[in-house]
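> coordinates only, sequence not included:
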């Protein structure tokens with residue numbers, strides 16, 4: 001396939017898989033006393049509680065309130081060798097992040113890997129229930145994971161990696177390898193361009 005078409009199809013598939021998996025997580029979370037943040041959760045019924053959908057929140061507000069939570073739930077990208085940056089943000093703030101199990105989690109976050117889940121309702125529910133049942137152990141795991149992570153990946157190295165990546169893109173590529181992709185919405189099948 002032409003490169004641009006392959007990038008387009010890959011973006012569509014990735015978007016679809018993430019939506020399916022996040023919807024599964026959202027529906028399980030609806031059964032627990034948790035706060036749900038973010039846009040595009042209208043398709044999950046939070047009206048009966050005990051979960052509360054807080055809507056979207058700006059980054060600074062979320063980061064300032066995050067340490068007050070026992071744990072945070074996130075879904076990592078469709079890859080086995082990394083986690084979403086929210087996992088690392090939570091870890092640096094000593095907050096356990098419940099996310100899907102990957103080899104990266106086992107290797108770099110063993111203290112909190114026991115709370116990771118697979119993509120089925122029972123596994124996600126087990127992770128949430130374990131956290132709610134043992135808050136002291138969760139706090140201890142969050143501090144231990146933060147200590148390990150800071151030793152393995154100092155903040156200075158993280159900043160340098162971002163700067164090195166930006167330099168590489170600027171030096172080697174005539175244009176960034178970023179593709180447009182479409183999200184179909186509405187009954188008319190109209191598409192909205194996103195970058």
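Received the coordinates, thanks. This structure is a prediction, so every number in the text was calculated from the model and none was measured.
> Now the one helix or strand residue 162 maps to: buried residues?
Using DSSP states H and E, the element containing residue 162 is helix 155-172. Within helix 155-172, no residue counts as buried by 16 or more other CB atoms under 10 Å. In short, each C-beta sits where N, CA and C put it, glycine included.
> can you give me the offset of it from its chain's centre?
The chain centroid and the centroid of helix 155-172 are separated by 22 Å, computed with CA atoms, centre = their mean, to the nearest Å.
> Over to stretch 54-62?
Offset of stretch 54-62 from its chain centre (CA atoms, centre = their mean): 15 Å.
> same deal with stretch 146-158?
The chain centroid and the centroid of stretch 146-158 are separated by 19 Å under CA atoms, centre = their mean.
> start to end distance for it?
14 Å (CA to CA, to the nearest Å).
> Outside of that stretch itself, list whatever touches it.
88, 91-94, 108-111 (CB atoms under 8 Å, 6 or more residues apart in numbering).
> Inside helices: which ones of those?
Among the contacts of stretch 146-158, DSSP state H puts 88, 91-92, 108, 110-111 in helices.
> quick one: which of those has the most company?
In terms of neighbours by other CB atoms under 10 Å, those top out with residue 91 at 24 neighbours.
> Nearest residue to that residue in space, please, no chain neighbours.
residue 149 (4.9 Å; CB to CB, 6 or more residues apart in numbering).
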